[in-house]
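[1] Here's my sequence, what's the structure:
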Amino acid sequence: MRSLAVVFDWGGVLMRTEDYTPRFSWDDKLGLARGSVELVVHGSAAWRLAQQGKITLDAYWDRVGGELNLTPDQLSRLRVDFYSGDRLDRSLVDLIRKMRKRGLLVGLLSNYTVDLAEIVTGVGLGGLFDAQMISAEIGIVKPDPAAYEAVLAELSVEPRDAFFVDDFDENVKSAQSLGISAVQFAPGLDLESLINSWIGEKVNAVT
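    Numbering: from 1, shown residues only. Next up is the predicted model:
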């Protein structure tokens, strides 16, 4: 049987913000409406450039600090506080390990800044993925089809033999347009059952 691969997004899937208190506290400190700081950090043109690898991580945060009128000390604290409410989904990590034991390949495809590889290692997941594609490293951002093609090439699998998990609908649809089976993730989704059904279809197709 041909090799099968499951590819995961990082932010919003494996790592999710579950406690917004640290972010809201910065809104309150700066006298801004709730969610304003997050819009600057993850909704600015600088964030897009950082995801594409076109500006450095420090340059990106400097732009965030400038837009929010932060002192250097405040900016340093924001960089730590902003992600302090994020939590790794251990159940998905367990699922990945279970899939790898079954012989499936596992990939990571994320729109993120250059520090993601360090973050992945820092939470104890170094070596978990057979292929790890970060937009800032490859200069390609989902939903560009080339992003999916890059991770499939690294995994040496065809689109028909890949299953993709992402929290953004546009990224899911782009993957599907290439012939990749893909689902939009949301907390509570029975992802293991969906993947098992997909594997079953693949097995039945070759028997």
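[2] what ranges do the strands span in the chain?
    With DSSP state E as the criterion, the chain has strands at 5-8, 15-17, 86-88, 105-110, 131-134, 162-166, 181-184.
[3] which residues are in contact with the longest helix along the chain?
    Taking DSSP state H as the assignment, the helix of the chain that covers the most residues is helix 191-205. Helix 191-205 has contacts (CB atoms under 8 Å, 6 or more residues apart in numbering) with 1-2, 4, 6, 92, 95, 98-99, 104, 161, 163, 165, 181, 183, 185. To be clear about C-beta, it is placed using only N, CA and C from the backbone, and glycine gets the same treatment.
[4] so which of those is the most crowded?
    V165 (24 neighbours; other CB atoms under 10 Å).
[5] Which pLDDT does the model give that residue?
    pLDDT for V165: 98.
[6] Show me where the protein dips below the pLDDT cut-off.
    Along the chain, the model assigns pLDDT under 70 to residues 1, 206-207.
[7] hey, where'd the helices end up in it?
    Using DSSP H, helices in the chain cover 21-29, 36-43, 45-51, 57-68, 72-81, 90-101, 116-122, 135-138, 145-155, 169-177, 191-205.
[8] Those: which one's closest to L109?
    helix 145-155 (4.6 Å; CB to CB).
[9] how big is the angle separating that closest one from strand 105-110?
    Between the axis of helix 145-155 and that of strand 105-110 there is an angle of 150 degrees, by axes from the mean of the first three to the mean of the last three CA atoms, to 10 degrees.
[10] Could you tell me how far helix 145-155 lies from the centre of the chain?
    Centroid separation for helix 145-155 versus its chain: 15 Å, with CA atoms, centre = their mean, to the nearest Å.
[11] Ok, stretch 190-198 next?
    Relative to its parent chain, stretch 190-198 has a centroid offset of 20 Å by CA atoms, centre = their mean.
[12] And for stretch 86-99?
    On the basis of CA atoms, centre = their mean, stretch 86-99 sits 13 Å off its chain's mean C-alpha point.
[13] Equivalent analysis for stretch 165-182, please.
    With CA atoms, centre = their mean as the basis, the mean position of stretch 165-182 lies at 13 Å from the chain mean.
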